[in-house]
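In: got a predicted model here, sequence first, then my questions.
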Amino acid sequence: MVASILSPKQSRFLDEYMVDLNGAAAAVRAGYSRKCAREIAYELLTKPHIRAALQARQATEAERLGISRERVVAGLLEAAEQAKLMSNPMAMVRAWAELARLFNFYAPQHHRVEVTAGICPEQARLEAMSDAQLLALINA
């Protein structure tokens with residue numbers, strides 16, 4: 001299991017992080033230095049084994065609470081509809097923004113565009129002419 005490779009202090013950090021998702025506060029509560037708590041939290045949360053343990057804990061908690069992606073989406077859609085009925089545009093915007101974040105709509109979109117320069121027959125004919133032929137054409 002992932003938890004077995006965590007030190008006791010790292011495990012405590014994850015316990016505290018699950019309380020409020022505040023890395024710096026969790027680091028302090030877990031016994032790390034208050035002076036560099038933000039840096040420690042960042043370092044801990046970027047380690048692959050700690051990320052994996054955190055994801056496992058979050059999945060366990062979501063299952064325990066009966067929370068699924070579908071339920072969250074349905075709840076946000078319902079909140080947006082309620083906000084609309086109550087004429088609360090800020091709450092509507094917040095619900096839609098959360099849905100957009102959930103579905104990664106804010107990620108940059110990349111579009112591939114290919115441009116091929118095709119030579120039209122007239123251009124090909126002109127490019128094949130010599131300077132003398134071109135001058136004769138211009139003077140004609």
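Out: Perfect, thanks for sending it.
In: by mean pLDDT, flag the weakest helix or strand of this structure.
Out: The helix or strand of the chain with the poorest confidence is helix 121-128; it has a mean of 83 (mean pLDDT, DSSP states H and E).
In: how about Y106: what's its closest non-neighbour residue?
Out: In space, and not counting its chain neighbours, Y106 is closest to A100: 6.2 Å by C-beta to C-beta, 6 or more residues apart in numbering. The C-beta positions use only the backbone N, C-alpha and C, and glycine is treated the same way.
In: quick one: the helices in the protein?
Out: Along the chain, counting by DSSP state H, helices occupy 8-20, 23-29, 37-46, 48-65, 69-85, 89-102, 121-128, 131-139.
In: for the ones you listed, which one sits closest to E114?
Out: For the helices of the chain, the distance to E114 is smallest for helix 121-128, at 20.1 Å, taking C-beta to C-beta.
In: can I get the CA coordinates of the closest one in CSV?
Out: Taking C-alpha atoms only, helix 121-128 is exported to CSV below (Å, rounded to 0.1, in the frame of the first residue of the first chain):
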residue,chain,number,x,y,z
PRO,A,121,-1.8,27.7,-63.6
GLU,A,122,-1.3,31.3,-64.5
GLN,A,123,1.4,31.8,-61.9
ALA,A,124,3.1,28.6,-63.1
ARG,A,125,3.0,29.9,-66.7
LEU,A,126,4.5,33.3,-65.7
GLU,A,127,7.2,31.7,-63.6
ALA,A,128,8.3,29.6,-66.5
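In: just want the angle from it to helix 131-139.
Out: In terms of direction (axes from the mean of the first three to the mean of the last three C-alpha atoms, to 10 degrees), helix 121-128 departs from helix 131-139 by 130 degrees.
In: just the buried positions in helix 121-128, please.
Out: By neighbour count on 16 or more other C-beta atoms under 10 Å, the buried set for helix 121-128 is empty.
In: what's the offset of the least confident helix or strand of the chain from the middle of its chain?
Out: Its chain's average C-alpha position is 50 Å from that of helix 121-128, according to C-alpha atoms, centre = their mean, to the nearest Å.
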